[in-house]
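Undergrad: I would like the atomic coordinates for the input below:
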Amino acid sequence: MTSRYASLTRDDLAVLVPELLLIGQLIDRSGMAWCISAFGREEMAQIAIEEWAGASPIYTRRMQRALGYAPAVPGEGDIVDIFKGLQLDIGAPPQFMDFRYEVKDRWHGEFRLDRCGALLDVEPLGPDYVRAMCHDIEDPTFDATAVATNPRAQVRPIHRPPRVPADRNPHCAWTVIIDPAHTPVSPLPPYYAIEATRAATVELDPIVAGGEGADDYSGPLLSDLDFTRFSHSALVRIADEVCVQMHLLNLSYVLAVRKRARDAEQAEEICRKQLVGLAGIAARRIRDALALGADEAAAMRAIELHPLLNPVAYTGGVVDGTTLRVTPSDASADGAWIALCGPGDPVRAQALHAIVREIDPHFDVDIDGTDDDWTAHLARRAEPAAESSEVAVTAFSGGTTFEFEHRAPLPLFVV
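TA: Predicted structure coming up:
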């Protein structure tokens, strides 16, 4: 099934891919506020640990295979493989999470964050929230990500927040050491549940060699990824893989929320709020990045390119004129975002409302059909809708207005 992103130009894809990586980071900015409200700060931290540990080893390996830098022997990757993975990870979107890398040799490296957008979001909440993110969550999840490349990799802090002094820079610094003497890290239990989802194994269009630009990331580690260096086919695959990352992370989030919710209704409410907040901010960033405009075609294009509906091989769905037709898919079988949308209860239309209202607050959708076979019709209301509370909560993040800058990549070699 041809990717929806294949309809974009190479230049547009080079703009969109870092946007998608940043949108993936905002899943937590949207979701964790509702977890704090329902379960408290400590349980929120545990949800985050389970969420990232469940998803990141799976999507890290997927990207390695897609872009040709997977270890020759599974489980025996090196520092460069780990760092390349971080550059293509929704947990470390470029520039917003400004990772700087140093490779000492294949088994020893360091990275620092000259800017941590997540830290800047959390610092106003106080040191307890900073410690929860930079200590409680980071310790197990950094290792959980590294285990995808080499189970004997250990990521350890040189220094990290809370910042002393308050303007300390870099925001944090870490060593990464791979040593045969290290006890191998095992995946945390959520990994095995997420590994069994259809998202984990969805097959995407292969990269077709021969076009202008690089078809893989098999060369040296670069200081920054300039996505204009990739071919059109590679960028399409990267965009789809980044959307798979988001679905895997969301499925892991859903698993952790359900574990703590008092009943299915509370779990669905929290997960829906996360989706609605992300849906609006993602549509806003896609609208601005691609200069979509403000007409009906722009509203449907925002739906068509939104992570909610991508990759099409996983989510299905057909956009035709001013309608979206959704039928049973791997995503609905997994209970992914699309399963929270549909006819009946008005709350099941809120995510699509949030998307189209970012194009024009007069836009709305009317949905008819059954729970797993429905059609959304774009509509226009006489009065503009106010911003939803879910979108407003997510807009608290600096990622909502963050602007990328062009950077010339430099190859990084052993120092």
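Undergrad: could you list the domains of this structure?
TA: For the chain, automatic domain parsing gives the domain ranges 7-244, 264-399.
Undergrad: name the residues of stretch 189-209 that are buried.
TA: Neighbour counts over stretch 189-209 (16 or more other C-beta atoms under 10 Å) mark 190, 191, 194, 197, 198, 199, 200, 202, 204, 205, 207 as buried. C-beta here means a position set from N, CA and C on the backbone, and glycine is covered the same way.
Undergrad: closest one of those to residue 8?
TA: Among the buried residues of stretch 189-209, residue 205 lies closest to residue 8 (C-beta to C-beta), at 13.6 Å.
Undergrad: same for the helix or strand of the chain with the lowest mean pLDDT, what does it pack against?
TA: Lowest on mean pLDDT, DSSP states H and E among the helices and strands of the chain sits helix 138-146, with a mean of 91. With contacts taken as 3 or more C-beta pairs under 8 Å, 6 or more residues apart in numbering; DSSP states H and E, helix 138-146 sits against helix 41-66, helix 79-87, strand 153-159.
Undergrad: with mean pLDDT, mean neighbour count and distance to residue 34 added, can I get those in TSV?
TA: What follows is those, written out as TSV (pLDDT from 0 to 100; neighbours: other C-beta atoms under 10 Å; distance: least, C-beta to C-beta, whole Å):
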stretch	mean pLDDT	mean neighbour count	distance to residue 34
helix 41-66	98	23	9
helix 79-87	97	22	27
strand 153-159	97	16	29
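Undergrad: all strands of this protein, in order?
TA: 97-105, 108-116, 153-159, 172-178, 318-320, 323-326, 363-370, 373-380 (DSSP state E).
Undergrad: given the first one, what are its sheet partners and their directions?
TA: Sheet pairing for strand 97-105, assigned by DSSP bridges, gives strand 108-116 (antiparallel).
Undergrad: again, but for the fifth one
TA: For strand 318-320, the paired strands and their directions (DSSP bridges) read strand 323-326 (antiparallel).
Undergrad: using PDB, list the CA coordinates for the strand it pairs with.
TA: Taking C-alpha atoms only, strand 323-326 is exported to PDB below (Å, rounded to 0.1, in the frame of the first residue of the first chain):
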ATOM      1  CA  THR A 323     -14.700  12.900   3.500                       C
ATOM      2  CA  LEU A 324     -12.600  10.400   5.400                       C
ATOM      3  CA  ARG A 325     -13.700   6.700   5.200                       C
ATOM      4  CA  VAL A 326     -12.400   4.400   7.900                       C
END
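Undergrad: picking that back up, could the helices and strands packed on helix 138-146 go into CSV alongside distance to residue 389?
TA: Shown next, in CSV, are the helices and strands packed on helix 138-146 (distance: least, C-beta to C-beta, whole Å):
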stretch, distance to residue 389
helix 41-66, 18
helix 79-87, 33
strand 153-159, 36
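Undergrad: out of these, the one nearest residue 372 is which?
TA: Taking C-beta to C-beta, helix 41-66 is the member of those nearest to residue 372, at 24.3 Å.
Undergrad: please state the offset of that closest one from the chain centre?
TA: 10 Å (C-alpha atoms, centre = their mean, to the nearest Å).
Undergrad: so what does it touch, helix or strand wise?
TA: Packed against helix 41-66 by the contact rule (3+ C-beta pairs under 8 Å, 6+ apart) you find helix 10-39, helix 79-87, helix 138-146, helix 189-195, helix 232-260.
Undergrad: let me have the domains of the chain in CSV, adding distance to residue 254 as columns.
TA: Putting the domains of the chain into CSV (distance: least, C-beta to C-beta, whole Å) gives the following:
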stretch, distance to residue 254
domain 7-244, 9
domain 264-399, 5
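Undergrad: nearest to residue 255, out of the ones you listed?
TA: domain 7-244 (5.8 Å).
Undergrad: can you list the helices and strands packed on helix 41-66 in TSV and add distance to residue 214?
TA: Listed next are the helices and strands packed on helix 41-66 as TSV, based on distance: least, C-beta to C-beta, whole Å:
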stretch	distance to residue 214
helix 10-39	12
helix 79-87	13
helix 138-146	24
helix 189-195	30
helix 232-260	6
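Undergrad: and those helices, which one's lowest on average pLDDT?
TA: With a mean of 91, helix 138-146 has the lowest mean pLDDT of the helices and strands packed on helix 41-66.
Undergrad: any chance you could list what contacts that helix?
TA: The contact list for helix 138-146 (C-beta atoms under 8 Å, 6 or more residues apart in numbering) reads 48-49, 52-53, 56-57, 60, 82, 85-86, 89, 91, 153-155, 157, 160, 174, 176, 185, 187-188, 191.
Undergrad: swap in stretch 311-327?
TA: Residues outside stretch 311-327 that contact it (C-beta under 8 Å, 6+ apart): 1-5, 198-199, 202-205, 240, 243-244, 247, 296, 299-300, 303-304, 308-309, 328-332, 336, 338, 341-342, 352, 365, 372-378.
Undergrad: can you count the residues close to residue 322?
TA: Neighbour count of residue 322, defined by other C-beta atoms under 10 Å: 16.
Undergrad: separation between it and residue 315?
TA: For residue 322, the distance to residue 315 equals 19 Å [C-beta to C-beta, to the nearest Å].
Undergrad: ditto for residue 398
TA: According to C-beta to C-beta, residue 398 stands 29 Å off from residue 315.
Undergrad: next: residue 122.
TA: Look at residue 122 and residue 315: by C-beta to C-beta, they are 31 Å apart.
Undergrad: more crowded one of these two?
TA: Taking other C-beta under 10 Å, residue 122 and residue 315 do not tie; residue 315 has more neighbours (25 against 22).
Undergrad: tell me where the model's unsure across this protein.
TA: Scanning the chain for pLDDT under 70 picks out 415.
Undergrad: now with 80, please.
TA: For the chain, the stretches with pLDDT under 80 are 1, 413-415.
Undergrad: could you pull up the residues touching the closest residue in space to residue 330 that isn't next to it in sequence?
TA: In space, and not counting its chain neighbours, residue 330 is closest to residue 198: 3.8 Å by C-beta to C-beta, 6 or more residues apart in numbering. By C-beta under 8 Å, 6+ apart, the contact set of residue 198 is 314, 330, 331, 333, 334.
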